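> sequence first, predicted coordinates after that:
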Amino acid sequence: MRGYYLRYLQVLVRFLPLAIAFLRDRRRFLLFGPSRRVSTATHRERAERITETMLELGPAFIKVGQVLSTRPDIVPPTYVEAFATLQDEVPEDAGGDPLTVVESELGDALDLETLEPVAGGSLAFVYTVEYEGERIALKVRRPGLASLIERDLRVIRGFVPLLATVADERQRYSIENIADDFEEIVLEELDFEREASIMAEIRDNFADDDRIVIPDIYPDLCSDRVVAMEYVEGRKVTDDRALADAGVEPTEMATVIARTYLQMGLVDGVFHADPHPGNLSVTDDGRLAIYDYGMSQRLTPGEQEDITTLYRTLVRRDVDGLLNALVALEVLDPSVDRTEVRRVLELVIENLEGQSDVSWQQIITQLFARLHEFPFRIPPNVMLLVRVGTVGEGVCRTLDPDFDFIAVTRSFLVDRGFIESEFEALLKDVRDDLRASVPVLARAPARFDTVFGQLERGELVVRTEPVEPTAGGDPAVGYAIVAGSLFVAASVLAFRAEPLGTVSALFGLLFLGQYVRRRRRG
């Protein structure tokens, strides 16, 4: 516990000046005084200082920053941009020497003289080594790192009540759950047996796709600290020369990336959640290779269905469907004022309608910026999928600045039968409207006959009090209105195989005749 309190004090001292600055934004003299306006440049400077502090505090705080970079329900856009740089900028001196792990766990199974370092990160180090006549890769967790991260997660959890007391009311809904979210994501990334299992499952899902390479696993060499896998060589996918040498067009590769990640999340229900350029490469024969499955996730069938609905409603810009999907995913509390949320979502859709080039990042940013008016949070699974969309789109647009992620998503949803094509969707809407209208139209003639019979016999009287005296009127105008309505119905029903349009037109002629006869009497 002594180590916990010392660490708590160290973190408090590092963040205290920034905390005071934020509190002074609300009350200039902390306990009293007006609020003060802070420029974007000042916020950007603060975000950079927080980012540097997280780097200095080590792996757990780096992971916290990475998670916060995908949490617009908590962090303003300026800070999201700064924390996003933590995806690649990680120190390599955390924990002990991973070579000791290789020696203790695989020293008898491998020829360690052939061991060569490849890359390092905040949680693990990657080596290649000879095994049974071929070169394989080893991802090795740094020794002693798990206990350090677990301690720092307890420290972070200890700060949550303090954050909740000074946070805006609309942010408390997210902050109350934030420690659990951090712990779930970070501890899962430390579980290398889980990583190997998910990696093998994703490989099986793409076994028939010759465009994708997922390294094979060597189960006998894997453990909770080591993932042993096939060594797949490739060059960074954003390297123009690598694509040219492989004979692959940038737009083609961007499309493969987008559809691959849509396949993982919406069809397979298990996905790689870290598609930054360091984890994506192009092989010499032009295939997409995907590495590092530490940040990955499985979805339950219910979650998969709800997330598919979210994508479908966003692409079709269906406000009611989007609202229902956000509630089902627990992004919005079920008790939220649906009328107000619907109004806000309509504003988001209207803003997007006026833009010719709409990106997934813009949709998510506008959506969550508007939802700040309500208590909302982003559950870990949703957060990881949002991250996949935004980071993946960034890679695709690096390859092709004009890449339309939304169009590719719509095409994928149509191909997979999740949504209809535009023409089919229009026909479906017409069919739904007609299905709802036909019973009413079928009963309409009998009801009209009853009503006009009562009018002719004087049994039904409509009394009005005009504001100003009128000099007469047309008593037969009701027949004309009914006739016009029936002619409109006939024109709509004319596309159906049933003779409903003809029946409606005949009744329209009947009421038109009544109108003409009444006019002549008049």
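Structure's in. What do you need?

> please enumerate the strands of the stretch 301-450 of the chain.
Under the criterion DSSP state E, counting those that start in this stretch, the stretch 301-450 of the chain carries no strands.

> all helices of it, in order?
301-316, 319-328, 338-353, 360-371, 380-399, 405-415, 422-457 (DSSP state H, counting those that start in this stretch).

> continuing past the lowest-mean-pLDDT helix or strand in the chain, what's the next helix or strand?
Lowest by mean pLDDT, DSSP states H and E among the helices and strands of the chain is helix 422-457, with a mean of 60. For helix 422-457, the following helix or strand on the C-terminal side (DSSP states H and E) is helix 477-493.

> for the record, mean pLDDT for that following helix?
Helix 477-493 shows a mean pLDDT of 71 in the predicted model.

> I'd like the numbering to begin with 7 instead of 1 from here.
Done: numbering now begins at 7, and the last item shifts to helix 483-499.

> so what pLDDT did the most centrally placed residue in the chain get?
The residue lying closest to the centre of the chain (Cα atoms, centre = their mean) is residue 392, at 3.2 Å. Looking at residue 392, its pLDDT stands at 78.

> ok, it touching residue 373?
No. The criterion here is Cβ atoms under 8 Å, and residue 392 misses it with residue 373 at 9.8 Å. The way it works is simple: take the backbone N, C-alpha and C, and place the C-beta from them, glycine included.

> which of the helices of the stretch 307-456 of the chain is buried the deepest?
helix 386-405 (a mean of 22; mean count of other Cβ atoms under 10 Å).

> and that one, how far out from the chain middle?
Centre-to-centre, helix 386-405 and its host chain are 8 Å apart (Cα atoms, centre = their mean, to the nearest Å).

> with stretch 344-363 instead?
That offset, for stretch 344-363, works out to 17 Å (Cα atoms, centre = their mean).

> ok, now stretch 29-40?
36 Å.

> could you pull up the mean pLDDT of it?
pLDDT averaged over stretch 29-40 gives 76.

> would you mind measuring the gap between the ends of it?
End-to-end span of stretch 29-40 (Cα to Cα, to the nearest Å): 11 Å.

> what does stretch 297-306 give?
Using Cα to Cα, first and last residues of stretch 297-306 are 24 Å apart.

> next, the buried residues of that stretch.
The neighbour-count check on stretch 297-306 (16 or more other Cβ atoms under 10 Å) flags 297, 298, 299, 300, 301, 302, 303, 305 as buried.

> mind putting these into JSON lines with secondary structure and pLDDT?
Converted to JSON lines, the buried residues of stretch 297-306 look like this (DSSP: H, G, I helix; E, B strand; the rest coil; pLDDT from 0 to 100):
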{"residue": "297", "secondary structure": "coil", "pLDDT": "93"}
{"residue": "298", "secondary structure": "coil", "pLDDT": "90"}
{"residue": "299", "secondary structure": "coil", "pLDDT": "92"}
{"residue": "300", "secondary structure": "coil", "pLDDT": "87"}
{"residue": "301", "secondary structure": "coil", "pLDDT": "85"}
{"residue": "302", "secondary structure": "strand", "pLDDT": "90"}
{"residue": "303", "secondary structure": "strand", "pLDDT": "89"}
{"residue": "305", "secondary structure": "coil", "pLDDT": "90"}
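
> just flag the most distant two among those.
297 and 305 (21.6 Å; Cβ to Cβ).

> now do the contacts for residue 416.
321, 425 (Cβ atoms under 8 Å, 6 or more residues apart in numbering).

> can you check residue 517 too?
Counted by Cβ under 8 Å, 6+ apart, residue 517 has contacts 454, 485, 486, 488, 489, 492.

> and the closest residue in space to residue 301 that isn't next to it in sequence, helix, strand or coil?
Computed as Cβ to Cβ, 6 or more residues apart in numbering, the closest residue to residue 301 that is not its neighbour in sequence is residue 280, at 4.2 Å. Per DSSP: H, G, I helix; E, B strand; the rest coil, the secondary structure class of residue 280 is coil.

> which residues sit against the helix or strand where residue 22 lies?
Using DSSP H and E, residue 22 sits in helix 8-32. Here helix 8-32 makes contact (Cβ under 8 Å, 6+ apart) with 36, 41-42, 44, 52, 55-56, 59, 62-63, 157-158, 160-161, 164-165, 172.

> CA atoms of the helix or strand following that helix as PDB?
Next helix or strand after helix 8-32 toward the C-terminus (DSSP H and E): helix 46-63. The C-alpha coordinates for helix 46-63 follow below in PDB (Å, rounded to 0.1, in the frame of the first residue of the first chain):
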ATOM      1  CA  THR A  46      -8.100  27.400 -28.300                       C
ATOM      2  CA  ALA A  47      -4.300  28.000 -28.300                       C
ATOM      3  CA  THR A  48      -4.300  27.800 -24.500                       C
ATOM      4  CA  HIS A  49      -6.300  24.500 -24.500                       C
ATOM      5  CA  ARG A  50      -3.900  23.100 -27.100                       C
ATOM      6  CA  GLU A  51      -0.900  24.000 -24.900                       C
ATOM      7  CA  ARG A  52      -2.600  22.300 -21.900                       C
ATOM      8  CA  ALA A  53      -3.400  19.200 -24.000                       C
ATOM      9  CA  GLU A  54       0.300  18.900 -25.000                       C
ATOM     10  CA  ARG A  55       1.400  19.300 -21.400                       C
ATOM     11  CA  ILE A  56      -1.000  16.500 -20.300                       C
ATOM     12  CA  THR A  57       0.200  14.300 -23.100                       C
ATOM     13  CA  GLU A  58       3.800  14.800 -22.000                       C
ATOM     14  CA  THR A  59       2.900  14.000 -18.400                       C
ATOM     15  CA  MET A  60       1.200  10.800 -19.400                       C
ATOM     16  CA  LEU A  61       4.300   9.700 -21.400                       C
ATOM     17  CA  GLU A  62       6.500  10.400 -18.300                       C
ATOM     18  CA  LEU A  63       4.100   8.500 -15.900                       C
END
